[in-house]
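S.K.: Build me a structure from this.
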Amino acid sequence: MNMARSFNNWRKYRQTVAELSRMSARELDDVGIQRSQIRSVARAAVGF
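M.R.: Take a look at the predicted model:
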């Protein structure tokens, strides 16, 4: 169970990083995120 949860969290993290990375600087600014914050925002989103 824990391994499955870890895998799902990792998948969600990677998907979030990918989606945010595809956004332009202007779009990221609109949501209040700088490009350098993408990984930390993604970690916070999945609870890492």
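
S.K.: Need the pLDDT of the closest residue to A25 other than its chain neighbours.
M.R.: Among residues not flanking A25 along the chain, R35 sits closest, at 6.6 Å (CB to CB, 6 or more residues apart in numbering). In this view, the C-beta of every residue, glycine as well, is placed from N, C-alpha and C. The model reports R35 with a pLDDT of 97.

S.K.: cool, M1 as well?
M.R.: On pLDDT, M1 comes in at 66.

S.K.: D29 too?
M.R.: Looking at D29, the pLDDT reads 97.

S.K.: hang on, the earlier thing: what number of residues lie near the residue nearest to A25?
M.R.: Neighbour count for R35, taken as other CB atoms under 10 Å: 13.

S.K.: and the gap between it and R26?
M.R.: From R35 across to R26, the span is 11 Å (CB to CB, to the nearest Å).

S.K.: buried ones in whichever strand or helix holds A42?
M.R.: Assessed by DSSP states H and E, A42 sits inside helix 38-46. In terms of neighbour count (16 or more other CB atoms under 10 Å), helix 38-46 has its buried residues at I38, V41, A42.

S.K.: still on that earlier bit, my guess is the residue nearest to A25 contacts L28. True?
M.R.: Yes. When contacts are counted by CB atoms under 8 Å, R35 is listed as touching L28 (6.2 Å).

S.K.: And the helix or strand that contains E19, what does it pack against?
M.R.: Per DSSP H and E, E19 falls inside helix 2-22. Judged by 3 or more CB pairs under 8 Å, 6 or more residues apart in numbering; DSSP states H and E, helix 2-22 is in contact with helix 38-46.

S.K.: Need the residue closest to the centroid of the chain.
M.R.: A42 (2.4 Å; CA atoms, centre = their mean).

S.K.: can you pull the contacts of the spatially closest residue to it that is not a sequence neighbour?
M.R.: Among residues not flanking A42 along the chain, T16 sits closest, at 4.0 Å (CB to CB, 6+ apart). Counting by CB atoms under 8 Å, 6 or more residues apart in numbering, T16 touches V41, A42, A45, V46.
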